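Asks: return a 3D structure for these sequence lines:
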Amino acid sequence: MNMRFTLLAVLLLLFSCQQIPAINEKSEPSHIRRAEPSNFGVHEHRAKTFPQHYILEGRYTNKTVSLTFDDGPSHHTIALLKILKKHRIHATFFMLGDQMQQYPDIVTQVLNDGHEIANHSWDHDDMLNYPNLDEFWRQQINKQRKISQSISGKTPLLFRPPFGRISDQQVQFLAERNIKTIIWSIDTQDWNEKTNSVTNLVSSATEFMHPEAIILMHDGGGNRKNTINALDNIISHYLANNYTFVTVSTLLNTPAYENDLINE
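Replies: Below you'll find the predicted structure:
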């Protein structure tokens, strides 16, 4: 009897396993899992907690994507601008305040070429080092905003924390000031000098291509030669698959600067 019951249990288990539908990974709304396997749960949970102010990607409906560049401006930015101009597409540059101060002419060129500038803190410190919200605002967020306003006349409403690290309290604090925290859904990992060959960068940027992706790249913070050499192929791959490139504010249909908010 025991053997009969055991056999029946095994058969039922096998049958039930056959009824479980296969998971279609392409239907997943977010690809942060592939970008940062150790932190995707934190990002996705926070995106659900702050759906209007903590953004990983768009609504996953239109074949539009946003190229974003962090840690600039730098002398590498000029080469990237030439490639973007060649393809007649616009991107969003998350700029550091101390770099803007060093390269004001490049800030101006980025804007003159039709691109968007956004806030990436003053000096790329870890935002979790600022549990005091007044210090967080004064030393990192508003300090960058002031130099941006001084150079360009624009005060960004889009912020990306260095390393993608930020607290819930900081996200809420920014949200109360109409500032959205922008993360990403595709990480090219061009920051990783051990693996950032041109081939790997193109693969990382295109392997999980999806509608309304926000793509993370860098125009500062290190040697960006491979980023520059990979960008043309990355853009061409998306265009060949009928994708359109837009700025983050266009992708999300949200104001990029305080002036835009006032004029709404």
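
Asks: can you name the next helix or strand after whichever strand in the chain runs longest?
Replies: As assigned by DSSP state E, the longest strand anywhere in the chain is strand 64-72. Downstream of strand 64-72, the next assigned helix or strand under DSSP states H and E is helix 75-87.

Asks: send me stretch 103-111 as PDB with only the CA atoms.
Replies: The C-alpha trace of stretch 103-111 is given here as PDB (Å, rounded to 0.1, in the frame of the first residue of the first chain):
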ATOM      1  CA  TYR A 103      33.800  72.300 -18.100                       C
ATOM      2  CA  PRO A 104      31.100  75.000 -18.500                       C
ATOM      3  CA  ASP A 105      31.600  75.300 -22.200                       C
ATOM      4  CA  ILE A 106      30.700  71.600 -22.700                       C
ATOM      5  CA  VAL A 107      27.600  72.100 -20.600                       C
ATOM      6  CA  THR A 108      26.600  74.800 -23.000                       C
ATOM      7  CA  GLN A 109      27.400  72.600 -26.000                       C
ATOM      8  CA  VAL A 110      25.300  69.800 -24.700                       C
ATOM      9  CA  LEU A 111      22.300  72.100 -24.400                       C
END
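
Asks: how about the strands in the stretch 151-264 of the chain?
Replies: 158-159, 180-182, 186-187, 214-218, 244-245 (DSSP state E, counting those that start in this stretch).

Asks: got these as TSV, with mean pLDDT and distance to Thr92 columns?
Replies: All C-beta spots, glycine's among them, are computed from the backbone N, C-alpha and C. Listed next are the strands of the stretch 151-264 of the chain as TSV, based on pLDDT from 0 to 100; distance: least, C-beta to C-beta, whole Å:
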stretch	mean pLDDT	distance to Thr92
strand 158-159	99	7
strand 180-182	99	8
strand 186-187	96	14
strand 214-218	98	9
strand 244-245	98	10
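
Asks: please name whichever of the ones you listed is nearest to Ile117.
Replies: Set against Ile117 and scored by C-beta to C-beta, those come closest in strand 158-159, at 8.9 Å.
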